[in-house]
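In: below are the sequence and a predicted model; questions follow.
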Amino acid sequence: MTTHSRWLWPVLAFVASPATAEDYRLPNGEYVGPLEIFRECDVCPEMIVLPLGSFTMGAPLDESAGIDMLWRRRPEGEPPGRRTEGPEHVVEMDLAIAIGRNEVTHDEWMACVAAGGCSHVPDPTVKLDFEEFIADGAHPVIDVSYLDI
């Protein structure tokens, strides 16, 4: 496995698997089954293979309407709820996918930077209302956009 290929893990990794439809293939050729936990390298985050099947994604508008009313006034005639939370729809998982078990830590991200797989060096400063502190390496990485990933 090349240094660069093992750093393609920050969000999701998609690999077609000839072993069975549910198995996920690692870059080294090994297969990992549904709900199995693995790491592609010593400093890589823990990953888990999602099982195939379907699930409902999104929230019904009436479920988010109460929360939405607390945050903003809707123009007259606009339906209740937050459009960004819906509509409910069925998602079919028909390809083996592995996803990180936890948030990517600052140390994991910086290991990706050191290996050349990630280019953005995030600012580890956490800014609260009246104080600032530098997050330690176990803190989830901050100052990283989906474009950086």
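Out: Good, I have the coordinates.
In: following the host helix or strand of residue 114, which helix or strand comes up?
Out: Per DSSP states H and E, residue 114 falls inside helix 106-115. The first helix or strand that comes after helix 106-115 along the chain, using DSSP H and E, is strand 125-127.
In: what pairs with the helix or strand just after that next one, and is each one parallel or antiparallel?
Out: Sequence-wise, the next helix or strand downstream of strand 125-127 (DSSP H and E) is strand 132-134. Strand 132-134 pairs in its sheet with strand 125-127 (antiparallel), by DSSP bridges.
In: I'd like the distance from the partner strand to the chain centre, please.
Out: 22 Å (CA atoms, centre = their mean, to the nearest Å).
In: report the buried residues of that strand.
Out: The neighbour-count check on strand 125-127 (16 or more other CB atoms under 10 Å) flags nothing as buried. In short, each C-beta sits where N, CA and C put it, glycine included.
In: ranges for the helices of this structure?
Out: All helices of the chain, identified by DSSP state H, fall at 61-71, 106-115.
In: mean pLDDT for those: which is lowest?
Out: With a mean of 60, helix 61-71 has the lowest mean pLDDT of those.
In: re earlier: got the buried residues for the helix holding residue 114?
Out: 106, 108-112, 115.
In: likewise for stretch 139-149?
Out: Within stretch 139-149, the residues scored as buried using 16+ other CB under 10 Å are 141, 144, 149.
In: what's near enough to touch the second one?
Out: With contacts taken as CB atoms under 8 Å, 6 or more residues apart in numbering, residue 144 has the following neighbours: 104, 109, 120, 122.
In: how about the residues you listed in JSON lines, adding distance to residue 93?
Out: Shown next, in JSON lines, are the contacts of residue 144 (distance: CB to CB, whole Å):
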{"residue": "104", "distance to residue 93": "22"}
{"residue": "109", "distance to residue 93": "27"}
{"residue": "120", "distance to residue 93": "29"}
{"residue": "122", "distance to residue 93": "31"}
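In: can you tell me which two in those are farthest apart?
Out: Spatially, the most separated pair among those is 104 and 120, at 12.3 Å (CB to CB).
In: compare these two and say which is more crowded by neighbours.
Out: Taking neighbours as other CB atoms under 10 Å, residue 104 and residue 120 compare with residue 104 leading, 19 against 14.
In: appreciated, that's everything.
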